[in-house]
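> When you get a sec, could you give me coordinates for this:
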Amino acid sequence: MKLSLNECDYVLVSVGYTDRLFTRLLRPVKEVQDAIRDFKEYGEENRMVYVATHNGPVLVDGSQEEVKKIQQFLKRNNIEEYDCLCITSNQAHSFIDSIMQIGHCACFCWSTLYEFDIYKEDDMSVALIVFDTESG
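Model prediction:
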């Protein structure tokens, strides 16, 4: 059975330079807070669960238990989560556009998209969207 992006339980988006999206206190910068707020207006199912930074996951709208479950799934499927946002959404494209508008990484744009895969197990599906944020 094929799944579309909007049917996945989680979307993992490689955005590059996640440290630029957060303050020293690991709070989202204002532009990210605005993007999250706008994202939630599409429906409660739209959440930024966590951000995978250099120092490990930073919880946003997810619980420790949820993040652990996702990370176990990623490990079983050999998926690297470095510098990624993990979201739940039926509006992933719109949210990615909003994060691109922040300008935290000059190479985070649709023209640098180089990988899109969907991984499925019995109880979970994850879409992986990877951008070549080092292409500059």
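> hey, let's count contacts and neighbours off CA atoms from now on
Fine.
> which residues touch stretch 89-98?
By C-alpha atoms under 8 Å, 6 or more residues apart in numbering, the list of residues contacting stretch 89-98 from outside reads 5-11, 13, 35-36, 39, 42, 45-47.
> buried stuff in it?
89, 90, 91, 92, 95, 96, 98 (16 or more other C-alpha atoms under 10 Å).
> next one: stretch 54-63 to chain centre, how far?
Per C-alpha atoms, centre = their mean, to the nearest Å, the displacement of stretch 54-63 from the mean C-alpha position of its chain is 11 Å.
> just stretch 112-129 next, same as before
Computed by C-alpha atoms, centre = their mean, the separation of stretch 112-129 from the middle of its chain amounts to 11 Å.
> For that stretch, measure first residue to last.
11 Å (C-alpha to C-alpha, to the nearest Å).
> Can you name the residues in contact with it?
Contacts for stretch 112-129 (C-alpha under 8 Å, 6+ apart): 3, 5, 8-14, 73, 77, 130-133, 135.
> got the buried residues for that stretch?
In stretch 112-129, counting by 16+ other C-alpha under 10 Å, buried: 118, 120, 125, 126, 127, 128, 129.
> Of the contacts of stretch 89-98, just the buried ones, ChimeraX syntax please.
Restricted to buried positions by 16+ other C-alpha under 10 Å, the ChimeraX selection for the contacts of stretch 89-98 reads:
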select :5,8,9,10,11,13,35,36,39,46,47
